[in-house]
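>>> Quick one: sequence plus predicted model below, questions after.
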Amino acid sequence: MEFQFHPASRRGSVRTVALGDRGERAALTVTAIAAALSVSLWVTVPTVARRALRAEGSEALARSSAVVAKERGELEARVGGLRERALDLGDLVGRIAFLYGVTPTGWPTSLNPESGVLAGRDAESGTQGLQRYGAGLARAVTLVEARDASAAGVAAQIPSVLPLISDLVEPASRFGPRVSPWTGTEEFFAGMDLAAPAGASVVAPASGTVVFAGRIPPASNARLWRFGNLVVVSHGAPGVTVYGHLNRVDVRRGDRVRRGTRLGTVGTTGWAMFPAVHYEYWRRGEDGLTPTDPRFAMLDLRLSEHDVSLERMWATSAPATVQPPPGAE
């Protein structure tokens, strides 16, 4: 095999290179390797490029997905916070309506827990639910305002706050049927016990007149005898409140009190197992006085369960066999 190299100028001489058998084989080998490399690069370069592009695209997609997921989580958290605030407002407006005597007739059904308006957890359904719930709240506030306007002066007589001045208050025994911790028998607990530091002030939750102050003989009312030192306040049309287990009684029968007036102090008299005030609210209705859940009359106590509708509040009462407090006419 022979190769000739021709110079660019005509004046130069032509150079000739002759290859022997080994040279020819070496040249063929080099040529084959070069051809193989060319084919390999033609196949592998686009493949590597595609893989690199796919990897870069996957990383970008992952970053975008993470951003979207974070924003969605933040949005759902905000919706969840608004949901809790809306439910708190619904509980509050419902209890105010109950205390004012607003009946379930015409009450927005969207505020009832069983309606499930705020049951949606994702952002879209949660937002739609909040819009419906907000409209219900607006309607409820209108009904309460109308009742307030027609019952001027009654607000001061309605029990509506915790009967305690203390930062440490814990509901210990709730309204409803239970097994008595004293006798081990079934009974209906017509009020609730509020655990608080001994000596904390027990105050009137509304204006009224003291109709009983002292201890009740067991023969006249065995139920209330267990609550030791007792105060009963009549609030006129809204009803009667009862305070038991008092360590000290600071009022006498016939005293006029206002919201915040000190009635006595938290104690352990009677069958108390710890410092507490036993609190009852007997609401006046068409059939006279009936005990109802005191939680409804403590607007500064948050109902974390969000499970009480206005209709349920109206239906909550104690059996007729529960002995009423003295002076509860």
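The structure has been received and is ready for your questions.

>>> List of residues touching whichever strand or helix holds V277?
Using DSSP states H and E, the element containing V277 is strand 276-285. Strand 276-285 is touched from outside by 159, 163-164, 172, 190-196, 202, 227, 237-246, 266, 268, 270, 272, 289-294, 296-297, 324-325, 328, with contacts defined as CB atoms under 8 Å, 6 or more residues apart in numbering. C-beta here means a position set from N, CA and C on the backbone, and glycine is covered the same way.

>>> In a strand, L224, correct?
No. Membership of L224 in a strand is not supported by DSSP: H, G, I helix; E, B strand; the rest coil, which gives helix.

>>> Number the residues from 48 up from this point.
I'll keep to 48 as the first residue from here, and by that count the last item is L271.

>>> which non-adjacent residue is nearest it?
I263 (4.9 Å; CB to CB, 6 or more residues apart in numbering).

>>> Surely the one you found is in contact with G275?
No. I263 is beyond contact range of G275, at 9.2 Å (criterion: CB atoms under 8 Å).

>>> Can you show me the strands along the stretch 198-347 of the chain?
211-212, 217-220, 223-226, 233-236, 239-242, 248-250, 255-261, 276-281, 286-296, 303-304, 309-313, 323-332, 335-339 (DSSP state E, counting those that start in this stretch).

>>> I'd like those strands as a markdown table, with mean neighbour count appended.
Below are these laid out as a markdown table (neighbours: other CB atoms under 10 Å):
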| stretch | mean neighbour count |
| --- | --- |
| strand 211-212 | 18 |
| strand 217-220 | 14 |
| strand 223-226 | 11 |
| strand 233-236 | 15 |
| strand 239-242 | 22 |
| strand 248-250 | 22 |
| strand 255-261 | 19 |
| strand 276-281 | 25 |
| strand 286-296 | 25 |
| strand 303-304 | 16 |
| strand 309-313 | 22 |
| strand 323-332 | 25 |
| strand 335-339 | 19 |
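
>>> Next, format those strands as TSV and append mean pLDDT and distance to L357.
Formatted as TSV, these follow (pLDDT from 0 to 100; distance: least, CB to CB, whole Å):
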stretch	mean pLDDT	distance to L357
strand 211-212	94	26
strand 217-220	92	21
strand 223-226	92	19
strand 233-236	92	23
strand 239-242	96	20
strand 248-250	98	27
strand 255-261	97	25
strand 276-281	97	25
strand 286-296	97	18
strand 303-304	98	29
strand 309-313	98	30
strand 323-332	95	14
strand 335-339	92	13
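
>>> Of all those strands, which one comes closest to E161?
Set against E161 and scored by CB to CB, the strands of the stretch 198-347 of the chain come closest in strand 223-226, at 19.2 Å.

>>> Now stretch 265-285: buried residues?
By neighbour count with 16 or more other CB atoms under 10 Å, stretch 265-285 contains the buried residues 268, 270-282, 285.

>>> And for stretch 167-184?
Under the neighbour-count criterion of 16+ other CB under 10 Å, stretch 167-184 has 167, 170, 173, 176-177, 180, 183-184 buried.

>>> Residue ranges in the protein under the pLDDT threshold?
By pLDDT under 70, the weakly predicted segments of the chain are 48-105, 107-124, 126-127, 375-376.
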